[in-house]
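J.: Sequence below, structure please.
(3 chains)
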Amino acid sequence: MFEVRTGELAAQLGGELIGDADRILRRIAPLADAGADCISFLASARHREQLQQTAAACVIAAPMFRELAQARPAAILCDDPYLYYARLTQWWAQQSRAAFEPGIHRSAVIEPGAKIHARAAVGALAYVGSSAIVGAGASIGPSCHVGADAVVGEHTRLAAKVTLGSACRVGARGIVHSGAVIGADGFGFAPTQGRWEKIEQLGAVQIGDDVEIGANTCIDRGALQDTIIEQGVKLDNLIQIAHNVHVGKHTAMAACVGVAGSTHIGAHCTFAGQVGIAGHLRIVDHVHVAAAAVITRSILKPGSYGGVFPFDDNVTWEKNAATLRQLHALRARLRALERDSS
Amino acid sequence: MFEVRTGELAAQLGGELIGDADRILRRIAPLADAGADCISFLASARHREQLQQTAAACVIAAPMFRELAQARPAAILCDDPYLYYARLTQWWAQQSRAAFEPGIHRSAVIEPGAKIHARAAVGALAYVGSSAIVGAGASIGPSCHVGADAVVGEHTRLAAKVTLGSACRVGARGIVHSGAVIGADGFGFAPTQGRWEKIEQLGAVQIGDDVEIGANTCIDRGALQDTIIEQGVKLDNLIQIAHNVHVGKHTAMAACVGVAGSTHIGAHCTFAGQVGIAGHLRIVDHVHVAAAAVITRSILKPGSYGGVFPFDDNVTWEKNAATLRQLHALRARLRALERDSS
Amino acid sequence: MFEVRTGELAAQLGGELIGDADRILRRIAPLADAGADCISFLASARHREQLQQTAAACVIAAPMFRELAQARPAAILCDDPYLYYARLTQWWAQQSRAAFEPGIHRSAVIEPGAKIHARAAVGALAYVGSSAIVGAGASIGPSCHVGADAVVGEHTRLAAKVTLGSACRVGARGIVHSGAVIGADGFGFAPTQGRWEKIEQLGAVQIGDDVEIGANTCIDRGALQDTIIEQGVKLDNLIQIAHNVHVGKHTAMAACVGVAGSTHIGAHCTFAGQVGIAGHLRIVDHVHVAAAAVITRSILKPGSYGGVFPFDDNVTWEKNAATLRQLHALRARLRALERDSS
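T.: This next block holds a predicted model:
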């Protein structure tokens, strides 16, 4: 099992170390669950009580908590403990996980013309189509599918069973989780005499650098032009991005969000879980949408938005829902009363 | 890169060609983005302004726009430009994509007794179970799973990583996108003493001709009888079709729709994204449901339906939601006032 | 085709057989569709009319329906016909399906150090990572991915194309359906200067005994500690379980439910389809939530909860939704009237 001394950690990641520099750390843990071989962190002043009660060997905290932190065997003071924690997990993972090994597994199928960098890895039972390009340091997981003419950027990692469709591109330093499907056909049909005539989807998907895409998330290829995911975007699991959607840089979406076709979403937005966004809308930068809201019109002003029916016990919500079906009529009755009483 | 002359295109696809028959076309593009080597189309009179401003070499338009279209180097006039565009994309894809190559990839695993037509294709690392049948012109993509006794109809294409469960059938000319799972067990349990006793799902899934099924969509096998998807149905990505559901012909569902068990949906219906439909309901033909509505009762009358809490800025919607929790009481107060004032 | 005599069935599964013990049964069918070679069941008194009209050879019914059941050639009387039906399907499946065959398919890839029990099965094109453990009687389906150090309990069955991430564990007698992804990274980032810094997810997923997990369902690994699914839990398709969620024993969730991070759900709960549950909540035992409700606060009292905007025809719901956006103001107007009239 991996272990590290407090002093070595601070030397690697910075911050002001106070207390014992030789303390051995074997786990990162939340304050409430930390034991005597754990490093923990205080991300918010709301949890300061936990700092008083923790058994952690070492805590990461803001300088304003210096006094409380001194009660621990060791502490690291820094301006943004949550960011420090993020970097700690990255460093920890790097130390404790198996090293990257380039090479192509003997069971992988590589079509003629595919260009796989000598320092890239292709896992067992993976498929790389003709003329696909896999960059230096990139890792194609076991059972992945990389279509013809697709491009995987440098140091990008596809977990097991990712599907990257033909001619689709993922930038550098990306992560795509298992079951994600990038580049399935967009949903496009022309109605004719009660049937649906398929509109072949001739575009692709373009994904920028530093993008993370969750498990079983789908990003469809564009109809004529490409679906665009800009750099730094983070998509959780089971998200649907329809054809010709544009997601601006550093926007993040939680699980189960669905975005309909041709909607243009700005940069630095956040969407909580299960949000739905209709097609052909425009959402500007710095818009934040609460869970499960359904966005049916463009949002042209930065800010926080939401809208869900409030849950309640069954009897109450059913009564309120039944009344809601008469709400417009209730308003009319209210108006009538107002008229009478004025 | 594929290219075609205007005259050749009109000869292939019909319509009245006006203007230059020798103009070279290299791309299909929306009016607003079309360049001098592009063909574009005007699908709706709402966008006629774009027709005036486009740089497209050739436009597809209705005869009523003859005059405007004449300003372009070439134009094709036809009664249904959107349908013409659909057929254009089909023809374009056929010309520009790799030709279908029958044959079984050396890395595929074919169980004894599977019947794969000599003019069918089975991709790399695909699996075809015992006694499965793959029809003429059908294509089983790389890493697909075709279970024992399953049937894939003629000219049907399974993209990479499709799962078709044992004894399930897909008709002719279908398309199934990556990650779709057809024939997982329906969700059936008998409660007993605080536990759930599994009801084995003994039915299968029957899918008609000309059906398209989106990426990561799930269609469960029936409990005793089969789950039925009739001909011409189009399902987008991440849809859930539970056991024993019946979806009538030419019905279309956008992404993230969920249909609970044993519900019977008619023909020619449309469901927008994230719609939920409860179990054991009946929905007649020609019903159209707006995004994210939750259908909790049968719909016995054709028409358009919907229902979502309207989104708003955070402060406003939270106030309205809080009041909604007292709506039934508010109605009672309104009634009291009405009684007093009458 | 499998067939059985009524007497043999009752000898295997119990209950009081009345009528013909030699009747041949070839199918299990609902009462309304049953033919002369079918066994059927009456699960609820609401369907007693169907018992009068069925053509089934044999019916399973409660003793209170003895008289009606005697009209059939044979009947099996028992206290819980639905549970009897569940066990009948289990027995039927066992008789009629291919026997379990241990062994490792020649096309599977097994990394050094993986421990696969001699009585376990690994399907075609499956991958088992280093130091993974597969228990006796367990079945790893074709094209499955079992990560390094993962554990699959005894008699657990992974259908085709399941992904079980490194160090994740599934208990005994479990079933995991195709496309499920267990152990993708939780969605964790620290915001910094307009970008998202990844928090490496160092936990895993722990799944108890007798758990069933639906197709394309995702269960993320924990950030520091593990995501926990307790014994007997049943999850339908396309469900999202975020990092560090705890699902108590024998809780069941229908398709398309999403649970955000660190929420603790009790035992014996049920969640209907498309329910959303926010993060960091606590939901006690024996809570039941109706379809598509969005749970935004902890639920500390057992009972039934719900909340969705009631659907209606398009014109009506749009009017009501528009009025809903002024609901808080309407309440104020109502109050003013009340004040005036008092």
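J.: Got phi/psi on the residue in the stretch 201-342 of chain A that chain B sits nearest to?
T.: As assessed by Cβ to the nearest Cβ, chain B sits closest to A:Gly307 within the stretch 201-342 of chain A, at 3.6 Å. In short, each C-beta sits where N, CA and C put it, glycine included. Torsion angles at A:Gly307 (phi, psi; degrees, to the nearest 10) stand at phi 160, psi 100.
J.: show me what contacts it?
T.: Neighbouring residues of A:Gly307 by Cβ atoms under 8 Å, 6 or more residues apart in numbering or on different chains: A:290, A:293-294, B:308-312, B:317, B:321.
J.: Narrow those residues to those in strands?
T.: Those of the contacts of A:Gly307 mapping onto strands are A:294, B:312, per DSSP state E.
J.: of the contacts of A:Gly307, closest to C:Ser139?
T.: Nearest to C:Ser139, judged by Cβ to Cβ, of these is A:Val294 at 41.6 Å.
J.: Next to chain C, which bits of the stretch 1-150 of chain A? Give me the list.
T.: Applying Cβ under 8 Å from any Cβ of the partner chain, one finds that the stretch 1-150 of chain A approaches chain C through A:27-30, A:33, A:80, A:82-83, A:85-87, A:89-90, A:92-93, A:98, A:105, A:107, A:123-125, A:142-143.
J.: Can you turn the buried part of those residues into a PyMOL selection?
T.: To isolate the buried ones among those in PyMOL, judged by 16 or more other Cβ atoms under 10 Å in any protein chain shown, type:
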select buried, chain A and resi 27+28+29+30+80+82+83+85+86+87+89+92+107+123+124+125+142+143
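J.: Among the residues of the stretch 1-150 of chain A next to chain C, which ones lie close to chain B?
T.: Among those, chain B is touched by A:125, A:143 when using Cβ under 8 Å from any Cβ.
J.: Do a quick rundown of the helices in the stretch 1-150 of chain A.
T.: Shown for the stretch 1-150 of chain A, the helices assigned by DSSP state H, counting those that start in this stretch span residues A:6-13, A:48-53, A:66-69, A:81-96.
J.: and of those helices, who's closest to B:Asp22?
T.: It is, among the helices of the stretch 1-150 of chain A and with distance given as Cβ to Cβ, helix A:81-96, at 59.5 Å.
J.: Give me the contacts around that closest one.
T.: Under Cβ under 8 Å, 6+ apart, the answer for helix A:81-96 is A:2, A:4, A:9, A:12-15, A:28, A:39, A:41-43, A:60-62, A:76, A:78, C:188-190, C:192, C:197-202, C:223.
J.: who's in contact with A:Ala98?
T.: Residues in contact with A:Ala98 (Cβ under 8 Å, 6+ apart) are C:Ala148.
J.: From A:Met1, how far out is it?
T.: As defined by Cβ to Cβ, to the nearest Å, A:Ala98 lies at a distance of 14 Å from A:Met1.
J.: repeat for A:Ala291
T.: Distance, A:Ala291 to A:Met1, using Cβ to Cβ: 38 Å.
J.: Give me the below-cutoff pLDDT ranges for chain A.
T.: Across chain A, the ranges flagged by pLDDT under 70 are A:342.
J.: Okay, domains of chain A per the record?
T.: Following automatic domain parsing, one finds the domains of chain A at A:4-96, A:103-305, A:315-342.
J.: which one of these lies closest to C:Ser166?
T.: With Cβ to Cβ as the criterion, C:Ser166 lies closest to domain A:103-305 of those, at 9.8 Å.
J.: For the closest one, measure first residue to last.
T.: End-to-end span of domain A:103-305 (Cα to Cα, to the nearest Å): 48 Å.
J.: okay, now A:Arg297: neighbour count?
T.: Using other Cβ atoms under 10 Å in any protein chain shown, A:Arg297 is surrounded by 11 other residues.
J.: which ones are touching it?
T.: Neighbour list for A:Arg297: A:278, A:281 [criterion: Cβ under 8 Å, 6+ apart].
J.: Roughly how far does it sit from chain C?
T.: Separation of A:Arg297 from chain C (Cβ to the nearest Cβ, to the nearest Å): 12 Å.
J.: do the same with A:Ser178
T.: 4 Å.
J.: Settle this for me: that residue is touching A:Arg157, isn't it.
T.: No: taking Cβ atoms under 8 Å as the definition, A:Ser178 is not a contact partner of A:Arg157, at 11.4 Å.
J.: between the two, which one's more packed in?
T.: Remark: of A:Ser178 and A:Arg157, A:Ser178 carries more neighbours, 32 against 20, as counted by other Cβ under 10 Å.
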